[in-house]
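Asks: Below are the sequence and a predicted model for it; my questions follow.
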Amino acid sequence: MSTAIEVTGLEKAYAGKPAVNHIHFQVQKGSCFGLLGPNGAGKSTTMKILSCITQADRGSVQVLGYDVAKQAEEVKKFIGYVPQNITLYEKLSAYDNLVFFGELYGVRGKALKERIMEVLQQVGLADRANDAVGTFSGGMMRRINIAAALLHRPKFMILDEPTVGIDPQSRNHIFELIRTLKEEGMTIIYSTHYMEEVEALCDDVAIIDHGEVVAKGALNDILAQYGGKSVYLELESDIEPNLTLIEGSSVARHGRGWKIETDNVLKTISEVAELCRMKGYKPIQLEVVRPSLEMVFLQLTGTSLRDA
Ligand SMILES: Nc1ncnc2c1ncn2[C@@H]1O[C@H](COP(=O)(O)OP(=O)(O)OP(=O)(O)O)[C@@H](O)[C@H]1O
């Protein structure tokens, strides 16, 4: 894979207060890149700079070798930006909204008509083309916003928290669409404060907190590096197992069971199994816990992503 987007030393402040502080990352061509961070972390500001909506105070963004500040008109041709806020005319039909956006992007006439029907198919709303957008659910409106960003056949999609406050059906549609676009070779930048979305969709990730990147890289590498390793044990009866016998580990109550942090999950899991056998404990669950971005965020910032 080759680098499609290169972000170097990006800085932006509002009224002297930094929103984005010295951000660096690279996005590989054809990948889905996740920008993960709590509300106010600086995700939208970063995405607006990448989409030529706002300018950085310092630093640079190169998209396929084009500089977003100096060559914005070129860059806009191959970027589709889906803003966090829905920007549609509620009295107009889905079709007419897309005519408006298509013309803004310079697509016109027969080519636009055909393209509108294609993008409506892509977002699963072709049968609602002639209905006023005001009758749509929030999730359907969001899908029309995504359709609008696809009209000019961009090479990159930048989606700013596209699943906030929407119904599960629209969320599934958006996930499926992102997977399909990626298979077709599109490069995607996706911001969210839902860790599970990044885990489901993204290849690489940058975790941002207070305007700074606190970790970045391939999702699996980040999980392996910072995610912590542990084993979970849950017993059939409500007895407290004596886990102090397990070497080199720390034990804490977790849900209905026990979580044992360790550097060597295989050794620990076999020791716990042996302990259960010796003591007659009856496990209903004994497993290696998959590291999660929640754990990564907690370890790096000391706060949980939801409270940050
Ligand atoms: N137009 C603006 N004027 C003043 N401050 C702003 C503006 N836009 C963003 N900020 C501030 O910059 C910081 C970063 O905001 P940003 O919207 O980029 O974060 P975010 O990670 O996208 O969060 P959210 O999910 O809440 O949108 C926040 O402190 C925010 O209040």
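Replies: Yep, that arrived.

Asks: What confidence value was assigned to the residue nearest to Tyr89 when sequence neighbours are not counted?
Replies: In space, and not counting its chain neighbours, Tyr89 is closest to Asn97: 5.7 Å by CB to CB, 6 or more residues apart in numbering. Using the backbone N, CA and C atoms, a C-beta is placed for each residue, glycine as well. Looking at Asn97, its pLDDT reads 97.

Asks: Asn97 and Ala148 touch, don't they?
Replies: Yes - if you go by CB atoms under 8 Å, Asn97 and Ala148 touch, sitting 7.0 Å apart.

Asks: Let me see the ranges of the strands in the chain.
Replies: 3-14, 17-28, 32-36, 58-63, 66-67, 79-82, 156-160, 187-192, 204-209, 212-218, 230-235, 249-254, 257-262, 283-289 (DSSP state E).

Asks: Show me the shaky parts of the stretch 51-200 of the chain.
Replies: Nowhere does the stretch 51-200 of the chain drop to pLDDT under 70.

Asks: what does it put close to the ligand?
Replies: With CB under 6 Å from any ligand atom as the criterion, the stretch 51-200 of the chain comes near the ligand at residues Gln84, Glu161.

Asks: Most tightly packed of the strands of the chain?
Replies: Of all the strands of the chain, strand 32-36 carries the top mean neighbour count, a mean of 28, counting by mean count of other CB atoms under 10 Å.

Asks: Need the contact partners of it.
Replies: Residues from elsewhere that reach strand 32-36 (CB atoms under 8 Å, 6 or more residues apart in numbering): 5, 25, 27, 43, 46-47, 178, 182, 187-193, 195, 197-198, 201-208, 219, 293, 297, 305.

Asks: mind listing what Glu176 touches?
Replies: Residues near Glu176 by CB under 8 Å, 6+ apart: none.

Asks: Could you measure from it over to the ligand?
Replies: Distance of Glu176 to the ligand, given as CB to the nearest ligand atom, to the nearest Å: 24 Å.

Asks: how's the protein carved up into domains?
Replies: Domain ranges of the chain: 3-224, 229-290, per automatic domain parsing.

Asks: can you redo the ones you listed as JSON lines with distance to Thr301?
Replies: Formatted as JSON lines, the domains of the chain follow (distance: least, CB to CB, whole Å):
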{"stretch": "domain 3-224", "distance to Thr301": "5"}
{"stretch": "domain 229-290", "distance to Thr301": "18"}
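
Asks: ok, Ser191 to Cys202 distance?
Replies: Distance, Ser191 to Cys202, using CB to CB, to the nearest Å: 10 Å.

Asks: re earlier: what's the overlap in contacts for Asn97 and Ala148?
Replies: Common neighbours of Asn97 and Ala148 (CB under 8 Å, 6+ apart) are Leu88.

Asks: any chance you could map the helices in this protein?
Replies: 43-50, 72-77, 94-104, 109-122, 138-150, 168-183, 195-201, 219-226, 265-279, 293-301 (DSSP state H).

Asks: Pull the CA coordinates from the longest one and hand them back as CSV.
Replies: Read that as helix 168-183. Taking C-alpha atoms only, helix 168-183 is exported to CSV below (Å, rounded to 0.1, in the frame of the first residue of the first chain):
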residue,chain,number,x,y,z
PRO,A,168,-29.6,0.5,14.0
GLN,A,169,-30.8,-0.2,10.4
SER,A,170,-29.2,3.0,9.1
ARG,A,171,-26.1,2.2,11.1
ASN,A,172,-25.9,-1.2,9.4
HIS,A,173,-26.4,0.3,6.0
ILE,A,174,-23.6,2.8,6.6
PHE,A,175,-21.2,0.0,7.8
GLU,A,176,-22.0,-2.1,4.8
LEU,A,177,-21.5,0.8,2.5
ILE,A,178,-18.1,1.6,4.0
ARG,A,179,-17.0,-2.0,3.6
THR,A,180,-18.2,-2.0,-0.1
LEU,A,181,-16.5,1.4,-0.8
LYS,A,182,-13.3,0.1,0.7
GLU,A,183,-13.5,-3.1,-1.4
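
Asks: Can you list the buried residues in that helix?
Replies: Residues Ser170, Arg171, His173, Ile174, Leu177, Ile178, Leu181, Lys182 are the ones in helix 168-183 that count as buried (16 or more other CB atoms under 10 Å).

Asks: What residues does the first one make contact with?
Replies: Residues in contact with Ser170 (CB under 8 Å, 6+ apart) are Ser137, Gly138, Gly139, Met140, Arg142, Arg143, Thr163.

Asks: do the same with the last one
Replies: Under the criterion of CB under 8 Å, 6+ apart, the contact list for Lys182 reads Gly30, Ser31, Cys32, Ile188.
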